[in-house]
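# quick check, what structure comes out for this input:
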Amino acid sequence: MLKACYLSRRPNKLGTRMNSRCFQFVLLVGLLLGSCAGVVGSPTSAIKQETIRFVVGRSDNGKPLGGVDVVLVSSRNVPLGRTDVSGAINVETSLIRGSGAKTVLFCTEYFFCGAVRVTPELLEYSESYIELAPFAVR
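Have a look, this model is predicted:
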């Protein structure tokens, strides 16, 4: 089929330089690729994330902070747990949406607390990074 696909020096009846077999081949391939586009999948931004991973680190050196308390701040505060040794905690987005929370609060001893505002854009991501600043009393 590919041997039949060539460009001629003179335009044909359609005004192109492709012969009819080549035109049929290009049309067939275009239709096949167009019909497969929906099967391949949709972009990840269109997929609702089921969980979001918060990663907490130190602002002075970027090392992960384990044992950070994570709380959803709303009319009733909902404790989500603590970060693991790698500074991460996974939270179900349905829990965040259902709580009506406006903020996720991150607190640990010897560091200033940090907060992330809950927005629809935040819940589209699979991961969010936050740094907490250490404090010193002099």
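# can you pull the contacts of Val91?
Thr51, Ile52, Arg53, Phe54, Val70, Leu80, Val104 (C-beta atoms under 8 Å, 6 or more residues apart in numbering). Using the backbone N, CA and C atoms, a C-beta is placed for each residue, glycine as well.
# among those residues, name the ones in strands.
Among the contacts of Val91, the members falling in strands (DSSP state E) are Thr51, Ile52, Arg53, Phe54, Val70, Leu80, Val104.
# could I get the phi/psi values of Arg58?
phi -80, psi 140 (degrees, to the nearest 10).
# which one is it nearest to, not counting chain neighbours?
Nearest residue to Arg58, sequence neighbours excluded (C-beta to C-beta, 6 or more residues apart in numbering): Leu65, at 5.8 Å.
# the one you found against Phe112, yeah?
No - Leu65 is not in contact with Phe112 according to C-beta atoms under 8 Å; the separation is 11.8 Å.
# neighbour count for the two, which is higher?
Each of Leu65 and Phe112 has its neighbours counted (other C-beta atoms under 10 Å); Leu65 has more, 22 against 12.
# if I look at that one, how far off is Ser86?
Taking C-beta to C-beta, to the nearest Å as the measure, Leu65 falls 10 Å from Ser86.
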